[in-house]
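> Test case, fold it:
(one chain, ligands or ions: 1)
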Amino acid sequence: MTRGRFITFEGGEGAGKSTQIRLLADALQRRGIPHLITREPGGTAGAEALRALLLDSNLNWDARAEALLFAAARADHVANLIRPALADGKWVLCDRFLDSSRAYQGGAGGLGDEQVMTLHDIGSDGLLPDCTLLLELDPGTAAQRAAVRDAGASDRIGAKGADYHAMVRDRFRELADKEPRRFVRISGDGSEGDVHARVMHALEPLLALA
Ligand code: TMP
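All right, here's what the predicted structure looks like:
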């Protein structure tokens, strides 16, 4: 049995990741490719419990505590869901992963990339995706979409200011440009179908081998 593929979707709030993951899962289903959808923080019972703590607006984690908790959630997710699924030949489609910690805690939170990568080495033995799709949308449209989705009740991190989210966006772009073999930058402009076509085009090399 061949190892599955690990595909992550990244981007700021309201970039359309969840919709695009669902459309990709439908496309894999039609091709008979075994897969699962998961998300971070979360994906396992332990990591979902940490998610509730991380996103609770009544708690006030600083960037270090946040990064440790995200890394702990990720460690559980990687060990108990992602690695077993890949070993089982499944494609794992994950809504956010390590690069969110690099952009949010490492970039906007000021912790730095090296520290985030060290936590990832300790927690998850440095597992990296086969392909990371960065969905990019202009800030105005993204904020509007996130507001509609959250109906005025954004989580603790989503509720941070525009400056914080601008830093997240910039950091994601820098990460993608530094690692062009793993990342593909995808414009979120246009219809869901337009964006899905870009996603499928980006994954052609991997799909050809499936
Ligand atoms: P979601 O709304 O896309 O499910 O993500 C939850 C929030 O957590 C979102 O504001 C991004 C943030 N986040 C981080 O700050 N660091 C991380 O490592 C991950 C996975 C998410």
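> Only C-alpha atoms from now on, for both contacts and neighbour counts.
Noted.
> Now do residue 52: how many residues are near it, please.
13 (other C-alpha atoms under 10 Å).
> residues making contact with the helix or strand containing it?
Under the criterion of DSSP states H and E, residue 52 resides in helix 45-55. Residues from elsewhere that reach helix 45-55, judged by C-alpha atoms under 8 Å, 6 or more residues apart in numbering: 40-42, 59, 61, 66, 69-70, 72-74, 76-77, 155-157.
> Quick check: which of those are also close to the ligand?
40-41, 70, 157 (C-alpha under 6 Å from any ligand atom).
> Now the buried members of those.
By neighbour count, with 16 or more other C-alpha atoms under 10 Å, those hold 40-41, 70 as buried.
> Just these: which are in strands?
Of those, none are assigned to strands by DSSP state E.
> just checking, which of those residues belong to helices?
Mapping those onto helices (DSSP state H) picks out residue 70.
> quick one: which of the buried ones among the ones next to the ligand among the contacts of helix 45-55 is nearest residue 188?
Closest approach between those and residue 188, by C-alpha to C-alpha: residue 40, at 20.5 Å.
> where does the closest one land on pLDDT?
Looking at residue 40, its pLDDT reads 98.
> so who does it touch?
Going by C-alpha under 8 Å, 6+ apart, residue 40 touches 51, 73-74, 94-97.
> Now it: phi and psi?
Backbone geometry at residue 40, expressed as degrees, to the nearest 10, gives phi -130, psi 150.
> so how far is residue 109 from residue 178?
Going from residue 178 to residue 109 by C-alpha to C-alpha, to the nearest Å gives 20 Å.
> cool, and residue 16?
23 Å.
> Residue 7 is in contact with residue 90, isn't it?
No - look at residue 7 against residue 90 with C-alpha atoms under 8 Å: they stay out of range, at 10.8 Å.
> Tell me if the helix or strand where residue 134 lies is near the ligand.
Assigned by DSSP H and E, residue 134 belongs to strand 131-136. No - judged by C-alpha under 6 Å from any ligand atom, strand 131-136 stays clear of the ligand, getting no closer than 12.0 Å.
> what's the weakest-modelled helix or strand in the chain?
For the chain, counting by mean pLDDT, DSSP states H and E, helix 139-150 ranks last in confidence among helices and strands (a mean of 81).
> and that helix, which residues are buried?
139, 142-143, 145-147.
> Export those to CSV and append columns for distance to residue 201.
Output for those, formatted as CSV (distance: C-alpha to C-alpha, whole Å):
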residue, distance to residue 201
139, 24
142, 23
143, 27
145, 25
146, 26
147, 30
